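Engineer: Quick one, fold the following:
(one chain, ligands or ions: 1)
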Amino acid sequence: MTSAVKRGATSSTRDRDTQTAREETHLWTRSVHVHVTMKIYFCGSIRGGRDDVMLYRKIVEKLQSYGTVLTEHVSSTELSHRGEDASAAGDRFIHDRDVNWLRQSDVVVAEVTQPSLGVGYELGRVVDMKKKTLCLFRPSSARVLSAMIRGADDGERFVVRDYGEDEVDEVLEEFFNALKRT
Ligand SMILES: O=c1[nH]c(=O)n([C@H]2C[C@H](O)[C@@H](COP(=O)(O)O)O2)cc1CO
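Structural biologist: You can find the predicted model right below:
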């Protein structure tokens with residue numbers, strides 16, 4: 001073999017290696033990208049009452065370690081039971097934007113202890129959209145969760161989890177770790 005052919009073989013091997021490395025980097029970058037940009041839709045009561053807003057904050061802060069929370073405003077202490085300024089954009093805007101966000105989301109997490117027509121509506125829509133959904137309910141509230149939420153639990157795609165305020169982190173860790181395995 002001439003040295004020119006040898007040089008050719010070496011450089012094509014090197015080209016292949018470089019190409020493989022590039023593909024690996026690309027795949028790695030893509031998987032990190034997917035993780036970082038996971039879109040999470042958080043549901044919590046607004047006009048249904050803001051009693052649990054501090055807990056929504058805690059949940060949303062934890063969710064932000066897993067991805068982008070599209071509905072961060074639900075956990076804002078500045079948002080009252082009157083809701084967002086509907087006079088500026090209108091309730092139709094809020095509805096259409098939120099349904100759009102629901103469609104875009106990869107996963108839905110709802111705090112369902114404080115009854116809310118809006119949260120119930122969102123959950124009805126996500127069942128139809130077949131989104132992976134976690135509903136969190138606190139039995140310590142002495143409320144009884146609607147049969148239309150508890151009864152929708154299928155043990156897989158739509159799950160209702162009873163929990164206590166001090167279990168937020170572990171319940172969410174359990175849920176997102178199980179997501180990684182599916
Ligand atoms: O101003 C709003 N902004 C908004 O994003 N929502 C959505 C997100 C919440 O998960 C849900 C709360 O519904 P409700 O206001 O009926 O409690 O509806 C609801 C309102 C007010 O109804």
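Engineer: Only C-alpha atoms from now on, for both contacts and neighbour counts.
Structural biologist: Noted.
Engineer: starting at the chain centroid, how far to stretch 139-158?
Structural biologist: Distance of stretch 139-158 from the chain centroid (C-alpha atoms, centre = their mean, to the nearest Å) equals 19 Å.
Engineer: And it, what's buried?
Structural biologist: When neighbours are counted by 16 or more other C-alpha atoms under 10 Å, the buried residues of stretch 139-158 are found to be 145, 149-150, 152-153, 158.
Engineer: could you point out which element follows the worst-scoring helix or strand of the chain on mean pLDDT?
Structural biologist: When each helix and strand of the chain is scored by mean pLDDT, DSSP states H and E, helix 3-36 comes last, with a mean of 50. Taking DSSP states H and E as the definition, the helix or strand that follows helix 3-36 towards the C-terminus is strand 39-43.
Engineer: Give me the contact list for that following strand.
Structural biologist: For strand 39-43, the surrounding residues in contact (C-alpha atoms under 8 Å, 6 or more residues apart in numbering) are 60, 63, 67-72, 74, 101-102, 104-111, 119, 122.
Engineer: does the ligand sit close to that strand?
Structural biologist: Yes. For a cut-off given as C-alpha under 6 Å from any ligand atom, strand 39-43 has contacts with the ligand, namely Cys43.
Engineer: The helix or strand that that strand is followed by to strand 39-43, inter-axis angle?
Structural biologist: Secondary structure here is assigned by DSSP H and E; on that basis, the next helix or strand after strand 39-43 toward the C-terminus is helix 53-63. An angle of 170 degrees separates the directions of helix 53-63 and strand 39-43 when computed by axes from the mean of the first three to the mean of the last three C-alpha atoms, to 10 degrees.
Engineer: Tell me the bridge partners for the most centrally placed residue in the chain.
Structural biologist: Within the chain, one residue has its C-alpha closest to the average C-alpha position: by C-alpha atoms, centre = their mean, that is Ile40, at 2.1 Å. Partner residues in beta bridges with Ile40: Val69, Val107, with DSSP bridges as the criterion.
Engineer: got a markdown table for the buried residues of stretch 139-158, with secondary structure, pLDDT and distance to the ligand too?
Structural biologist: Below are the buried residues of stretch 139-158 laid out as a markdown table (DSSP: H, G, I helix; E, B strand; the rest coil; pLDDT from 0 to 100; distance: C-alpha to the nearest ligand atom, whole Å):
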| residue | secondary structure | pLDDT | distance to the ligand |
| --- | --- | --- | --- |
| Leu145 | coil | 98 | 15 |
| Ile149 | helix | 98 | 15 |
| Arg150 | helix | 98 | 18 |
| Ala152 | coil | 98 | 18 |
| Asp153 | coil | 98 | 19 |
| Phe158 | strand | 98 | 16 |
